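Asker: Here is my input, please return the structure:
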Amino acid sequence: MDHQKLIKTLFISFFILSSISVFAKSNKIKVQVNFNDEAINIEQTVDFKDNITALEALQYVAKVQTHPVDNYVFVDAINKIYNIKGKNAWYFMVNGKPAKTLAIHCNLAKGDVVKWIYKKDVCSKTIETKEPCPDNFGM
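Answerer: Okay, the predicted model is just below:
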């Protein structure tokens, strides 16, 4: 009987610890930064908190430089890798889909994955000509 009780206790303990582990993971946000050979890529998790934005999550894992334009804030550099107008720029995706808003306005949910990618600048020319950026930013 003691042997069965021990097995039952171990099983319950394992179940509780597994549940805690799953719960803990769901309260995180994964932040990935792909520098495309300009620097070492980053992949870290940050704790979820209410109203956390894609920009704020990025600021927890890297040094970020931004500039404001009216009510907008644009990312200029991540870990000193700067946008180069017409050549490369920082774009981000949430859960594998290109963002539809700026990072400062992009609220995240528990378990989201935010991926920043340093890639060909596809928006600078469209801004100058007042044309919209491609819907998927070339991703």
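Asker: for the record, mean pLDDT for the helix or strand hosting Ile117?
Answerer: Ile117 is part of strand 113-120, with elements assigned from DSSP states H and E. Per-residue pLDDT over strand 113-120 has a mean of 95.
Asker: Can you give me the buried ones in that strand?
Answerer: By 16 or more other Cβ atoms under 10 Å, the buried positions in strand 113-120 come out as Val113, Val114, Lys115, Trp116, Ile117, Tyr118. Just so you know, the C-beta spots here come from the backbone N, C-alpha and C atoms, and that holds for glycine as well.
Asker: same check, this time on stretch 96-109
Answerer: Pro98, Ala99, Leu102, Ala103, Ile104, Cys106, Leu108.
Asker: Between the two ends of that stretch, how far is it?
Answerer: End-to-end distance of stretch 96-109: 14 Å, with Cα to Cα, to the nearest Å as the criterion.
Asker: Next: stretch 38-49.
Answerer: First-to-last residue span, stretch 38-49, Cα to Cα: 31 Å.
Asker: Quick one: distance of the strand holding Ile117 to the chain centre.
Answerer: Strand 113-120 has its C-alpha centroid displaced from the chain centroid by 8 Å (Cα atoms, centre = their mean, to the nearest Å).
Asker: Who are the packing partners of it?
Answerer: Identification of packing neighbours for strand 113-120 by 3 or more Cβ pairs under 8 Å, 6 or more residues apart in numbering; DSSP states H and E yields strand 28-34, helix 54-61, strand 72-78, strand 88-94.
Asker: Mind doing that once more with 6 Å?
Answerer: On a contact count with 3 or more Cβ pairs under 6 Å, 6 or more residues apart in numbering; DSSP states H and E, strand 113-120 meets strand 28-34, strand 88-94.
Asker: So what are the sheet partners of it and their directions?
Answerer: Sheet pairing of strand 113-120 (DSSP bridges) gives strand 28-34 (parallel), strand 88-94 (antiparallel).
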